[in-house]
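Q: How does the following fold in three dimensions:
(3 chains)
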Amino acid sequence: MSDPALALEVRNVTKRFPGVVANDKVNFTLRKGEIHALLGENGAGKSTLMNIIYGLYSQDEGEIYIDGERADIKDPNDAIARGIGMVHQHFMLVPVFTVAENIVLGSETTNGPTLDMRTAHQQIRQLSVDYGLEVDPRAIVEDLPVGLQQRVEIIKALYRDARILVLDEPTSVLTPQEASDLFRIMRELSDRGVSIIFITHKLKEVLAIADRITVMRRGRVVGTTTPEEVDEPQLAAMMVGREVLLRVDKEPATPGDEVLVVQDLRARDDRLVETVRGVSFSVCAGEILGIAGVQGNGQTELAEVLTGLRPAMGGTVYLGGVPIPFQEPRFLVENGLAHIPEDRQKHGLVLSYTVADNLVLNTYYQEPYAQGIRRRSGPILQRAAELIKQYDVRTPGPQALVGTLSGGNQQKVIVARELSRPVRLMVANQPTRGLDVGSIEFIHRRLVEERDRGVAVLLISAELDEIMGLSDRIAVIYHGQIVATLPAEEATREQLGILMAGGTVAERQPAG
Amino acid sequence: MSLGSGSWIAPLRRFVAAISLPLLSILIALLIGALVIMIDEGSPLEAYRALFHGAFGTQAAIQRTMEKATPLIFSGLAVAFAFKGGLFNIGAQGQLLFGAATAGIVGYIVTGLPAIIHVPLSVLAGALAGALYGAIPGALKRFRGAHEVITTIMLNYIAINLTDYLATGPFRDTTPGNIVARTPLIEDSARIPVLGDAPGIPLGFVLALLAGLFVWWLLARTTIGFEISTVGRSPHAAQYAGIRVTAIVIVTMALSGALAGIGGAVETLGIFGRYQPGFNVGLGFDGITVALLGKTHPVGVIFSALLVGAMRAGAPQMQFSVGVRPDIIDMVLAIILFFIAADLIRRWLVRRRGERVVEGEEIMLSTGWGQQA
Amino acid sequence: MEATLPTTAQDNFFYRHRLMVGLLLVIGVIVAVAHSQEPRITHAVLSATLRQSTPLVLGALCGLWGERTGVINIGIEGQMLLGAFIGFLVNVFTGNLFLAVSAGILMGVLLGLLLAFMSVTLKMDQIIGGTVINILALGITGYFYQQGLTTQGKLQPLPLGPLADIPLIGPVLFNNPPITYLTLFLVGFSHYLLFYSRWGLRSRAVGEHPRAADTVGINVYLMRYVNVMFGGGMAGLAGAFLSLEAVGTFERAMTNGRGFLALAVMIFGKWTPLGSWGAALLVGLTYALNTQFQFLGLGEIPPQFMGTLPYLITIIVLAVFVGHARPPAAEGIPYEKE
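A: Model (predicted):
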């Protein structure tokens, strides 16, 4: 038996997977109407715990209590029936369906076997009014901006009378303004008695919104505390187990000549929508230009055009003073481009190749790795061994398949490859996404080292902390255009947040 | 890379694992085949004995096995090669037909050449025909997004019709008394000979083995092979690597078609001496079976082709001696293919050890019909 | 954009498909004119079109029920062939046409079960799985078929009373054997089921975003199994149609590529039942015209060239239309519950 005042209690829950204990005797309580943050690095076990609560996994040991009663949650239907709703980090929405179809999926209103969407629309409109979450039930989800899509996910949970709401990394796709909106909604919900678990790795948010904070590390609960009792450095230390450098140590930049000049660039995305709408900027040698912006404002396509993976519809790009041909990655690589791609498993690596082959992925045809069309495995393996050592890549050897490496080590392979040749311009797109703190620190250090060596670094990231910590200058992209460029020392979170959401700031530098 | 004392054990273990699966699959399939024969009131033991005898029992049989295996090696290589490039070339049948027809035509139309020129010329013509016919679906896929499974099958049927037309129309054998649709007999200078006597080794078979060697070398040791392989595993990563994906896809399909075309040419120039429609129905799917049985590795393809070739060579003997019809071989092959493709045995073993395995050779072709990369 | 799948049923159907509707009107006018000039030939062409389109649309339905839930089925050819064969055999040995058709359908369902097992449970590559079915079908039918077996009758046309007397459309549409009627019903039924029912919504969700469906408690594996088997039944029906209604007997490899043509029809029809029906009629028309041209002895064109027409049209259709088509997002990818 558990305390009925607790909406949820997790007692001694353990979950094992082959080779790892994802949850190790986890104890966790959720009071009614509270906002409880669950903090931890990638791989700490937060998602596993939530998946157990939501019925996607079942625990090996331990019990779960809901409203004081023992609960064996068999599957998501069961969890939903018990009032647990989950808003996933990667939305569980069918893009081609309407909002209403997504909301009712699995709990459809029907007239016999036939769908009754009219009733569904009415019910959704009612929920919108009740909770202040405006959505159009007939809109097609993939046409909606990300913030609205998230709203649909929340309504989905409320439609099923969720009394416990789990939000998994909800702000990773939002502007600071949208995040504030979300916090307001969370407050309202908790005021109405909905208990909220809020999973994140962002320390500032936790301190801003949570009633209580539980920190997990390597599958164990490190401690539970409140925002009044801790500060950022303490939380970070709890998360990682040691002192964490929250800011990167760097000297001021000494920029040289312009290396990359972008003029009036235009490009379309895969659905033929113009998402880069006249972008101009430049990056000098020895500086880091950070492009801040919420996912979906054209950064992806911009980076792809600059690195030869996408055609441009207009505009020019100069590398070292020379206009570049579009869609020629090889030309760029041979002229000093290093590219850390946004999606490392899609573009940056071939998972079923060895580490050695991945390390020559874009240089395999050059001497000494090949002679004419004959490849030479000796030099390839030798180089691989060197780089593995130099970058401390944890792997059984150069012949190991890169798919067996952890995310951090995979990223190290990419960094090792890109930086082991003469480089003038480095394009790093979300370089630390999904990585553990150790790998993040490593990559940040390397980026600054390259800058100090005279490389021009273009950093694109959705993590505002990363942009603010590393950049010398910051440009904000919104709806496919650079809306502002400012020196990093002058930029504040509030300013950037407003700019990222398309607003204007009283004193801002002219764009470009 | 230094050779530590144990570093040859892992590859050996991998090799043993690699062949034990196909061997087990063949065993199980033969058992099921035996069951079917018994249901049909035959004696499996006698049937299989006759089959073996027909394939290996006499020197003529061994030669026949090699002859049957030859086109299978070529079409198996064609399919396997395309697989490596991430493409499912079901059109090997059509490419083979065009290769056969073209070789047959060049073989009789061109006269006055010494064999040392005429034979390579005719083979080359067949290769070119196959290459062109194979490049079409490659181009359609890259430029229009048309999935090669459907286009190659359609092109197979078109090839059957068109080569039929060639043999009944402009290149028909008009020797008096001939009523069959076929091309005239090729010049002696275009014939691919049989080497030796006991058993005679068809030169075409030797060519097939050389082709296998070439394919292996291309894929394992050259930059072009690396490019093809990369495109096959991850077109996006290939793009990132600076590889021209469209060119590679078309080249892959062309090379694949060329291999099939050579297979057809060798059939015409080495066995039949002319192009006669209907000479090899069903080789299309056999090529796929051989490629998959051989796990798309050139060496595997050769062994599988020998296996299937042996079965096909011995089948008439089985029918003659015991009355079991050759179609049972199709069923046996389908079952073998099922077991190999389903990887049941390996999965079962892996599950028992409780590990998760990262696939080094996972073939995933089903990327949907309309997607460009 | 016309590129998205038609999923909401509320929008006006005729407006959204105005291109198709316009085309149909034009065709209607042409047909009316042709009928007034050469009624017999027009009738022959239209009947042949309907007859040739039936197995194609059934095959397309089979394909689309699978693909809408995320399973690619290229084994339709094998399912049709074995359906035809089993139906034929049952008819030979029992003389009962109803039983024979049912047996054909059942055979298709069983092969659907096999495909689902390979794709969903074993998580094999689905194209290889479909190929296994095709090879298996060729082998089994080749081995067990003996010359000289004759069916005991084939399915006869059933005129639907006064409807069959309407000029032109009457004899073509309302004087057909049962499977043809059943096919038309299945097209309409599939349309309803897919877009207007709870089952259809869930099936489509499974094919677009299976994890989303999983997290709201839908059993992805079960839905794929059932839909693929349901589709398999239709492929089996197509085979039964061939051996028991259209031809009246069994011949080796009698499906002759129709299973693959059906896939192109499905893609052309944008993975919708009604669209597939239209596309099937088009391909059926090329078959019918082919036969007519051969009869009329347009002797200049060699028969083999005409014989390539259905396949050529398919390639052209694929090349022109597939680039703009959007298949279900999760098709071909085996689903892993984490």
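
Q: how about stretch C:205-217, does it get close to chain B?
A: No. Stretch C:205-217 does not reach chain B (CB under 8 Å from any CB of the partner chain); its nearest approach is 10.9 Å. Placement of C-beta: from N, CA and C, glycine included.

Q: Name the helix or strand for residue 120, please.
A: Chain wasn't specified; assuming chain A. If you go by DSSP states H and E, A:Ala120 is part of helix A:117-131.

Q: Can you look at chain B instead?
A: helix B:115-144.

Q: what helices or strands is that helix leaning on?
A: Secondary-structure packing of helix B:115-144 (3 or more CB pairs under 8 Å, 6 or more residues apart in numbering or on different chains; DSSP states H and E): helix B:92-109, helix B:148-168, helix B:245-266, helix C:309-321.

Q: Dump these into TSV; add mean neighbour count, distance to chain A and mean pLDDT as well.
A: Putting those into TSV (neighbours: other CB atoms under 10 Å in any protein chain shown; distance: least, CB to the nearest CB, whole Å; pLDDT from 0 to 100) gives the following:
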stretch	mean neighbour count	distance to chain A	mean pLDDT
helix B:92-109	30	24	90
helix B:148-168	24	21	87
helix B:245-266	28	11	95
helix C:309-321	20	17	82
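
Q: Throw those helices into JSON lines and include distance to B:Gly225, thanks.
A: Compiled in JSON lines, the helices and strands packed on helix B:115-144 are given as follows (distance: least, CB to CB, whole Å):
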{"stretch": "helix B:92-109", "distance to B:Gly225": "20"}
{"stretch": "helix B:148-168", "distance to B:Gly225": "20"}
{"stretch": "helix B:245-266", "distance to B:Gly225": "10"}
{"stretch": "helix C:309-321", "distance to B:Gly225": "29"}
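
Q: closest one to B:Ala291 among the ones you listed?
A: Nearest to B:Ala291, of all the helices and strands packed on helix B:115-144, is helix B:92-109, at 8.7 Å by CB to CB.

Q: What separation is there between the closest residue to C:Phe321 other than its chain neighbours and chain B?
A: Nearest residue to C:Phe321, sequence neighbours excluded (CB to CB, 6 or more residues apart in numbering or on different chains): C:Phe268, at 5.6 Å. C:Phe268 is 11 Å from chain B, where distance means CB to the nearest CB, to the nearest Å.

Q: Isn't A:Glu274 up against A:Ala267?
A: Yes. Between A:Glu274 and A:Ala267 there is a contact at 7.3 Å, judged by CB atoms under 8 Å.

Q: Which one of those two is surrounded by more residues?
A: Neighbours per residue, other CB atoms under 10 Å in any protein chain shown: of A:Glu274 and A:Ala267, the larger number sits with A:Ala267, 24 against 15.

Q: Kindly state the beta-bridge partners for the more buried one.
A: A:Val276 (DSSP bridges).

Q: contacting residues for the one residue in the stretch 101-250 of chain C that gets nearest to chain B?
A: In the stretch 101-250 of chain C, no residue comes nearer to chain B than C:Gly139, which is 2.9 Å away by CB to the nearest CB. Taking CB atoms under 8 Å, 6 or more residues apart in numbering or on different chains, we find C:Gly139 in contact with B:Asp327, B:Ile328, B:Ile329, B:Asp330, B:Met331, B:Val332, B:Leu333, B:Ala334.

Q: Show me what from the stretch 201-350 of chain B comes close to chain A.
A: Contact residues of the stretch 201-350 of chain B with respect to chain A, defined by CB under 8 Å from any CB, are listed as B:221-224, B:226, B:230, B:233-234, B:236-237, B:239-242.

Q: Count the residues that sit near the spatially closest residue to A:Ile73 that is not a sequence neighbour.
A: Nearest residue to A:Ile73, sequence neighbours excluded (CB to CB, 6+ apart): A:Gly55, at 4.3 Å. Using other CB under 10 Å, A:Gly55 has 23 other residues around it.

Q: before we move on, the earlier item: relative orientation of the helix holding B:Pro120 and helix C:309-321 in degrees?
A: Inter-element angle recorded for helix B:115-144 and helix C:309-321: 50 degrees (by axes from the mean of the first three to the mean of the last three CA atoms, to 10 degrees).

Q: If we go by neighbour counts, what in helix B:115-144 is buried?
A: Applying a neighbour-count criterion of 16 or more other CB atoms under 10 Å in any protein chain shown, one finds B:118-119, B:121-142, B:144 buried in helix B:115-144.

Q: Please identify which of the helices and strands packed on helix B:115-144 is closest to C:Ser119.
A: So among the helices and strands packed on helix B:115-144, helix B:148-168 is nearest, using CB to CB, at 15.2 Å.

Q: starting at the chain centroid, how far to the helix or strand following the closest one?
A: Next helix or strand after helix B:148-168 toward the C-terminus (DSSP H and E): strand B:194-195. On the basis of CA atoms, centre = their mean, to the nearest Å, strand B:194-195 sits 22 Å off its chain's mean C-alpha point.

Q: picking up where we left off before, so the residue nearest to A:Ile73 sits in a strand?
A: No. A:Gly55 is assigned coil when assessed by DSSP: H, G, I helix; E, B strand; the rest coil, not a strand.

Q: show me what contacts it?
A: A:Ile73, A:Lys74, A:Asp75, A:Pro76, A:Asn77, A:Asp78, A:Ala79, A:Ile84.

Q: I'd say the fourth one and A:Asn51 touch.
A: In this case it means A:Pro76. No. Using CB under 8 Å, A:Pro76 is not in contact with A:Asn51, being 9.6 Å away.

Q: So which of the two has more stuff around it?
A: The residue with more neighbours, out of A:Pro76 and A:Asn51, is A:Asn51; 23 against 20, by other CB under 10 Å.

Q: Now the more buried one: closest residue in space, sequence neighbours ignored.
A: Nearest to A:Asn51 is A:Tyr57, by CB to CB, 6+ apart, at 4.8 Å.

Q: Retrieve the pLDDT associated with that neighbour.
A: On pLDDT, A:Tyr57 comes in at 86.

Q: That one: neighbour count?
A: Using other CB under 10 Å, A:Tyr57 has 20 neighbouring residues.

Q: Over to B:Ile335?
A: If you count neighbours by other CB under 10 Å, B:Ile335 ends up with 23.

Q: Verify the stated contact: it with B:Gly33.
A: Yes. With contact defined as CB under 8 Å, B:Ile335 counts as touching B:Gly33 (7.5 Å).

Q: Could you pull up the contacting residues of the closest residue to B:Val123 other than its chain neighbours?
A: Nearest in space to B:Val123, with sequence neighbours left out and distances taken as CB to CB, 6+ apart, is B:Ala265 at 4.9 Å. By CB under 8 Å, 6+ apart, B:Ala265 lies in contact with B:Gly99, B:Ala100, B:Thr102, B:Ala103, B:Ser122, B:Val123, B:Ala125, B:Gly126, B:Ala127.
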